[in-house]
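Chemist: Here is a sequence together with a model predicted from it:
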Amino acid sequence: MTKQIIFLLIFSCLCSTVNSQIIRGTVLDEKTKGPVDYALVYFNGTFLATYTDQKGFFELDISDFNSMPLTVK
């Protein structure tokens, strides 16, 4: 019984991880190669967006919009 519960817990964790697709990256300035802080990263025509942090890093869940182009402003 205990092995079945542990298996179900592990399986449910794996299933939730498989369905999520997260893109991570750093936005860099083309000339200086330095990080761009507070740049807007989004999918055009959607409400899915995020800002880069002070080091230019961002994370965005793309599981619903993986075929759309990513825009950085």
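Modeler: Everything's here; your move.
Chemist: check contacts around the residue positioned nearest the centre of the chain.
Modeler: Central residue of the chain (C-alpha atoms, centre = their mean): Leu60, 2.6 Å from the mean position. Residues in contact with Leu60, defined by C-beta atoms under 8 Å, 6 or more residues apart in numbering, are Ile22, Ile23, Arg24, Val41, Leu48, Ala49, Thr50, Leu70. Placement of C-beta: from N, CA and C, glycine included.
Chemist: Please indicate which of those are buried?
Modeler: Buried members of the contacts of Leu60, scored by 16 or more other C-beta atoms under 10 Å, are Val41, Leu70.
Chemist: Return the closest of the contacts of Leu60 with respect to Gly34.
Modeler: Taking C-beta to C-beta as the measure, Val41 is the one of the contacts of Leu60 closest to Gly34, at 16.9 Å.
Chemist: ok, and the closest one, which helix or strand is that part of?
Modeler: strand 40-43 (DSSP states H and E).
Chemist: Within its sheet, name the partner strands of that strand and how each one runs.
Modeler: Strand 40-43 has these partner strands in its sheet, going by DSSP bridges: strand 49-51 (antiparallel), strand 70-72 (antiparallel).
Chemist: From the rest of the structure, what touches the last one?
Modeler: Surrounding strand 70-72, the residues in contact under the criterion C-beta under 8 Å, 6+ apart are Ile23, Val27, Ala39, Leu40, Val41, Tyr42, Phe43, Asn44, Leu60, Ile62.
Chemist: Report the beta-bridge partners for the fifth one.
Modeler: Val41 has these beta-bridge partners by DSSP bridges: Thr50, Val72.
Chemist: That one against Asp53, yeah?
Modeler: No: using C-beta atoms under 8 Å, Val41 is not in contact with Asp53; the gap is 11.1 Å.
Chemist: Now do the helices in the protein.
Modeler: Counting by DSSP state H, one finds helices in the chain at the ranges 2-19.
Chemist: No further queries at this time; thank you.
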